[in-house]
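J.: Have a look at this prediction, sequence included:
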Amino acid sequence: KAEEEAACAVLGIPAENIHWLGYEDGNLEYADPQRLRGEACQLIKQYRPDAVFTIDPGSDHERWHKTDHRMAAFITKDAFIASEWHLYYPQHLLVDGLKPYRVPVAYYYYSVEPNYTVDLSAAGMWDKKVEAAAKHVSQFEPSLSKYTPDMSAETFEKIREWAANLSRDGERFVERFRREEYP
C-alpha cells in the first residue's frame with residue numbers, strides 16, 4: 001500500500017483518491033467474485049468515471065497473467081458492465097441512491113492488442129512514470145529476493161533502461177493501451 005501511495009503521489013494523485021478494498025496481494029482469486037464485483041460496481045456508480053483503466057482481460061493471453069491480475073481484469077470489466085443496470089446490485093439504488101452508470105471508455109493496459117498510444121515524451125511525463133514505477137521497490141531486485149525499502153541509484157537506472165526498452169517508439173516514449181468505447 002505504501003508503495004502504491006508513493007507512486008500515486010509522484011503522479012499527483014492524493015492518497016484519499018485511492019480506495020483499498022481490503023484484499024491481500026496475490027489472493028484476489030480467492031475472493032467472492034460476486035461481492036468483489038459489487039464493490040467495484042458501487043465505486044463506479046459513486047464516482048461515475050470518464051474512463052476506466054484496468055488490466056486487459058483479453059482471451060488470447062489471459063493464461064499468462066498472475067492470478068490476482070487476471071481476477072482484477074475480469075472483475076473490473078464485469079463491474080463496469082454491471083454498473084449499467086439497476087437490477088445488478090439493486091441495493092446500490094434502493095439503499096445508497098446510486099443510479100446506474102455506463103462507463104464511456106476503457107483503457108486496457110498489459111495488452112497484446114493495443115490500438116491506442118499515448119505520447120509520454122512531453123512535459124517530463126515519461127520521467128514521472130519511471131519515478132512512479134520505481135516507488136514499487138518490492139517489484140525489483142534486490143527487494144524481490146530480500147525486501148529492502150530503499151532503492152539504489154544503480155537499480156533506478158536499470159528500471160529506466162527497462163522502461164525505455166518497453167516504451168521507446170522511435171524518438172519518443174509512449175504507453176500503449178487497448179481502447180474500447182461503450183457508447
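T.: Received, thanks. Numbers count the residues shown, from 1 in each chain.

J.: what helix or strand does residue 178 sit in?
T.: strand 172-181 (DSSP states H and E).

J.: same for that strand, what does it pack against?
T.: strand 105-109, strand 116-119, helix 153-167 (3 or more CB pairs under 8 Å, 6 or more residues apart in numbering; DSSP states H and E). The way it works is simple: take the backbone N, C-alpha and C, and place the C-beta from them, glycine included.

J.: most packed of these?
T.: strand 105-109 (a mean of 18; mean count of other CB atoms under 10 Å).

J.: quick one: it to strand 172-181, angle?
T.: Using axes from the mean of the first three to the mean of the last three CA atoms, to 10 degrees, the direction of strand 105-109 lies 130 degrees away from that of strand 172-181.

J.: Check whether residue 40 really touches residue 76, as I assumed.
T.: Yes. Between residue 40 and residue 76 a contact is recorded at 5.9 Å, counting by CB atoms under 8 Å.

J.: ok, back up a step: centre of the chain to the strand holding residue 178, how far?
T.: 13 Å (CA atoms, centre = their mean, to the nearest Å).

J.: Outside of that strand itself, list whatever touches it.
T.: Here strand 172-181 makes contact (CB atoms under 8 Å, 6 or more residues apart in numbering) with 53, 56, 58, 104-109, 111, 113-121, 126, 129, 163-164, 167-168.

J.: just stretch 93-106 next, same as before
T.: Contacts with stretch 93-106, where a contact means CB under 8 Å, 6+ apart, come from 42, 44-46, 48-54, 77, 80, 83-86, 92, 179-183.

J.: Which residue is the nearest non-sequential neighbour of residue 116?
T.: residue 179 (3.7 Å; CB to CB, 6 or more residues apart in numbering).

J.: ok now do the spatially most central residue of the chain, which residues does it touch?
T.: Most central in the chain under CA atoms, centre = their mean is residue 54, positioned 4.5 Å from the mean C-alpha point. Going by CB under 8 Å, 6+ apart, residue 54 touches 72, 73, 76, 77, 106, 107, 108, 109.

J.: change it to 7 Å
T.: 72, 73, 76, 77, 106, 108 (CB atoms under 7 Å, 6 or more residues apart in numbering).

J.: Now do the helices in this protein.
T.: In the chain, the helices defined using DSSP state H lie at 2-10, 33-47, 67-82, 91-94, 125-134, 153-167.

J.: just those: most buried one?
T.: Greatest average neighbour count among those goes to helix 67-82 (a mean of 20), per mean count of other CB under 10 Å.

J.: could you give the angle of that helix to strand 172-181?
T.: Going by the same axes, to 10 degrees, helix 67-82 makes 50 degrees with strand 172-181.

J.: Can you list the neighbours in contact with helix 67-82?
T.: With contacts defined as CB under 7 Å, 6+ apart, helix 67-82 is touched by 25-29, 33, 36-37, 40-41, 44, 52, 54-57, 62, 65, 88-89, 103, 106.
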